[in-house]
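Colleague: let me see the structure of the following:
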Amino acid sequence: MSRTVGNVHSVGLCGFSAGIIEIQGNVASGLPGFAVSGNVDPSLREARDRVRAAITNSGFKFPDLKVTVALAPANLPKSGSGFDLPMALSLLVATGQTETSRLAGTVFLGELALDGRLRPVRGVLPLLLHARDAGFERAVVPSGNAAEAALVDGIAVGGAGSLSHVVAWLAGAAALDAVDGSVVPPPPPVPDMADVAGQNQARHALEVAAAGGHHVLMTGPPGIGKTMLACRLPGILPPLQPEESLEVTAIHSVAGTLPERHPLITAPPFVAPHHSVSVAGLLGGGTGVAGPGAVSRAHRGVLFLDECAEIGPKVLDALRQPLEEGQVRISRRDATATYPARFLLLLAANPCPCAPAQDVDCVCSSVVRRRYLGRLSGPLMDRIDIRVQMEPPGNAALMSEPGEPSAAIAARVAAAREAARERWRAEGWLSNSEVPGSALRRRYALPPAVRAPVERYLAEGRITARGADRALRLAWTLCDLRGADGPGVDDVAQALMYRDRAGAA
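Modeller: Below you'll find the predicted structure:
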């Protein structure tokens with residue numbers, strides 16, 4: 001019995017973690033058949049038909065023997081169509097239909113169409129980052145992924161349009177497509193804060209939130225500008241740092257939401273799911289290994305939950321872990337996926353179910369009003385740093401001159417963020433909202449006279465220990481906005497006022 005084996009390397013994802021996959025194609029005598037092994041999901045088992053048709057329609061011969069393709073290591077769950085190309089190449093190597101000199105040090109990714117064309121796949125950026133760190137020198141990806149793949153430094157990337165194109169490159173008879181990853185188009189424009197009439201208190205609250213990465217709850221009747229302000233919040237946030245940009249881009253690549261013309265996300269993302277969103281849609285889910293949800297797609301950006309009082313209490317309470325830890329862990333039968341989820345949460349709600357334009361027209365009883373906003377549980381509200389009650393703007397505000405533009409606010413926010421980044425640089429924290437409470441109470445403790453209001457609120461039971469830590473973080477942000485070296489008693493008092501539930505109910 002004769003036997004030939006072809007070895008090709010690829011990269012696979014398990015959640016947000018990548019691993020090198022060795023793909024072995026074996027052709028042996030026996031009854032004709034095609035088996036795929038190695039802890040693969042149904043989408044990979046379907047690859048047998050795609051690979052067989054692509055090889056035949058590209059002008060190569062598919063062996064009329066017993067064919068086995070094994071993906072190792074077997075303990076790593078494997079899913080998706082990105083292994084089509086390396087599976088086909090392993091069989092062409094096993095049957096001697098392609099050169100092998102360029103296989104060493106190269107990883108291959110791509111989904112095959114039945115006619116042999118290569119289609120783009122998800123997660124190319126984190127896959128190639130791992131391949132580079134594992135010591136691979138080259139990567140071959142579909143031409144549709146070439147712009148995204150070119151963002152990875154330290155590994156030579158080439159795009160291919162078809163299986164025959166890759167085989168010709170292996171033989172030295174063709175060159176792969178190249179893309180200049182240094183040219184990044186500007187992000188889409190964001191609406192300007194100057195469009196919002198009045199609402200000075202809410203505007204300042206969002207400025208503070210942007211400066212420190214704090215969570216906000218806005219309440220008020222419909223049509224007064226809650227959604228307008230929320231949509232303009234990304235315009236006052238500073239651009240992402242290079243390492244943040246790659247991290248955010250990698251998440252959106254895995255989720256399949258990466259814009260085709262903007263392969264590198266440089267602006268903070270803005271994610272606004274509908275109020276009918278489920279726990280799986282918010283945190284992540286799906287069959288097999290869970291994919292990223294809205295909280296991860298909003299990483300380093302804004303998660304806006306409009307009409308939050310209409311969202312189920314279980315869905316809202318699912319936000320507790322990512323709000324506290326900055327990541328989300330989703331356990332499924334096949335594996336536990338961990339995704340980054342450090343975002344600015346922006347909640348907006350009407351004061352009651354009937355949502356009148358003016359409170360005097362409200363037909364809801366006091367019990368109904370309390371029950372409506374009572375869907376926001378105490379533990380969740382304890383994690384909200386700023387609560388602001390918005391009132392309808394008067395005629396004078398509507399007809400007045402435009403408000404302060406986003407550019408002016410963004411300059412103050414950027415200065416405050418830079419001050420915080422310099423202060424916490426040695427600790428690795430990027431904003432005030434990431435500083436642990438233990439550090440604020442010990443290494444960076446405020447003088448007794450300054451922290452006295454917090455201690456008084458604690459003694460009276462008006463805030464929890466977590467609330468005290470969050471008030472101190474907010475005080476540091478207020479201090480950074482006014483350019484001071486440290487918070488004063490007025491900063492601490494204002495931070496406590498922002499957290500006062502009575503101010504937003």
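Colleague: my read: A210 touches L237, true?
Modeller: Yes. Here A210 reaches L237: they are 5.2 Å apart, a contact under CB atoms under 8 Å. Yep, even glycine has a C-beta here, placed from its N, CA and C like the rest.
Colleague: any residues in contact with both of the two?
Modeller: Among the neighbours of A210, those also in contact with L237 (CB atoms under 8 Å, 6 or more residues apart in numbering) are 344, 413.
Colleague: these two: which is more packed in?
Modeller: A210 (29 against 25; other CB atoms under 10 Å).
Colleague: in which helix or strand does the more buried one reside?
Modeller: Per DSSP states H and E: A210 is located in helix 200-212.
Colleague: other SSEs contacting the helix or strand immediately after that helix in the chain?
Modeller: Downstream of helix 200-212, the next assigned helix or strand under DSSP H and E is strand 216-219. Packing partners of strand 216-219 (3 or more CB pairs under 8 Å, 6 or more residues apart in numbering; DSSP states H and E): helix 200-212, helix 226-232, strand 344-349, strand 386-389.
Colleague: could you check how far the helix holding A210 is from the centre of its chain?
Modeller: 23 Å (CA atoms, centre = their mean, to the nearest Å).
Colleague: likewise for stretch 422-442?
Modeller: On CA atoms, centre = their mean, the centre of stretch 422-442 falls 22 Å from that of its chain.
Colleague: repeat for stretch 403-419
Modeller: That offset, for stretch 403-419, works out to 24 Å (CA atoms, centre = their mean).
Colleague: okay, and the beta partners of I23?
Modeller: V8, L71 (DSSP bridges).
Colleague: looking at the protein, which helix or strand does the model trust least?
Modeller: helix 395-398 (a mean of 60; mean pLDDT, DSSP states H and E).
Colleague: give the next helix or strand downstream of it.
Modeller: helix 406-424.
Colleague: packing partners for that following helix?
Modeller: Using 3+ CB pairs under 8 Å, 6+ apart: helix 406-424 touches helix 200-212, helix 465-481.
Colleague: in it, what's buried?
Modeller: 406, 409-410, 412-414, 416-417, 419-421, 423-424 (16 or more other CB atoms under 10 Å).
Colleague: those residues into TSV, with extra columns for distance to R52?
Modeller: Below are the buried residues of helix 406-424 laid out as TSV (distance: CB to CB, whole Å):
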residue	distance to R52
S406	55
I409	59
A410	55
R412	61
V413	56
A414	56
A416	59
R417	54
A419	61
A420	57
R421	54
R423	60
W424	56
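Colleague: show me which of these is closest to A449.
Modeller: Using CB to CB, R423 comes nearest to A449 of the buried residues of helix 406-424, at 21.4 Å.
Colleague: gap between the closest one and R417?
Modeller: Using CB to CB, to the nearest Å, we find R423 at a distance of 11 Å from R417.
Colleague: could you do A255 as well?
Modeller: The value you get for A255 to R417, if CB to CB is used, is 26 Å.
Colleague: report pLDDT for the closest residue to H130 other than its chain neighbours.
Modeller: Using CB to CB, 6 or more residues apart in numbering and skipping the chain neighbours, the partner closest in space to H130 is A18 (3.5 Å). As predicted, A18 sits at a pLDDT of 89.
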